[in-house]
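In: Pasted the sequence and its predicted model underneath.
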Amino acid sequence: MKIIDLTLELYDGLVTNNDLPAISIKDEPLEHKGKYDSLPKGYLSKLISFSDHSGTHVDVASHYSENGESVENINLKNMFGDALILDVSMLKASDEPVTKDLLEKAERRQGVYVEKDDIVLIRTWGKSWGEDGFFEAQALDDSVAQWFIEKQIHIVGVDLSNADFNQGSGSGIHQKLLNNDIYIIENLVNLEKLPKHSRFLFFGIPLKLKNATASPIRALSILDSQLI
């Protein structure tokens, strides 16, 4: 069994979305003298602060709907399962959006096809995460949202910081997908390591954060698994 980690590493000062504050990870001194002889000044801890949309994370309906599902109520059964990748990074320029036609072309080129209840990962960015132009790159347009709704998939994941076609407020894709029970994962990495011509198992379990609109996840793909 081979595991590929699709998760962006978090560190102090990292910015994963220009509209959000940087991640903060600071030493937190804790003194409990005499309790641990090996650490006379106390044990070690970190004080961590970040947006619920930081790093590799999953968005839920409350992100755009006040009465929508929040993270602690997420359907965990939909957060792991049969997955495939569609690679359009060589089929478009970074300033062009991903369209339904491009995804269907990727299906034909790769010989894998989106099915009901799938987890669909999309490679749109041909360079490393965060390189020049990354935050300006375009993601999914309306035709993709409608296509996935008709396909009744569980998750769409992208290697960009925003799954939306980044113009104006850019909330259209999120609203359409999340309102149709399709979760969105953003800031995936290492998608180039995934097999293009076969399926694999995907896991992306969120933290149980009450009333949160998203949660960082540890995104993993498992290849050659007998569970599929």
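Out: On my side now, so go ahead. Numbering: from 1, shown residues only.

In: what bits of the protein have low per-residue confidence?
Out: 30-42, 165-171, 225-228 (pLDDT under 70).

In: can you pull out the strands in it?
Out: Applying DSSP state E to the chain gives strands spanning 2-5, 24-27, 46-49, 57-59, 80-87, 119-123, 155-158, 183-186, 200-206, 214-223.

In: which other residues reach the second one?
Out: The contact list for strand 24-27, computed with CB atoms under 8 Å, 6 or more residues apart in numbering, reads 10-13, 44-50. C-beta coordinates here come from the backbone N, C-alpha and C atoms, glycine included.

In: From the chain's centroid, how far away is stretch 106-114?
Out: Relative to its chain's centre, stretch 106-114 lies at 21 Å (CA atoms, centre = their mean, to the nearest Å).

In: now do the same end-to-end measure for stretch 113-127.
Out: The first residue of stretch 113-127 is 25 Å away from its last residue (CA to CA, to the nearest Å).

In: I'd like the distance from it to the chain centre, please.
Out: Worked out by CA atoms, centre = their mean, stretch 113-127 lies 11 Å from the chain centre.

In: same check, this time on stretch 60-80
Out: The answer for stretch 60-80 is 14 Å, by CA atoms, centre = their mean.

In: Could you check how many residues crowd around the residue nearest to residue 101 when sequence neighbours are not counted?
Out: Nearest residue to residue 101, sequence neighbours excluded (CB to CB, 6 or more residues apart in numbering): residue 143, at 7.4 Å. Residues within reach of residue 143, counting by other CB atoms under 10 Å, total 15.

In: got the contact list for residue 143?
Out: 99-101.

In: Who wins on neighbours among those?
Out: residue 99 (19 neighbours).

In: if I look at that residue, how far off is residue 146?
Out: Using CB to CB, to the nearest Å, residue 99 is found at 11 Å from residue 146.

In: what's the overlap in contacts for the two?
Out: By CB under 8 Å, 6+ apart, no residue touches both residue 99 and residue 146.
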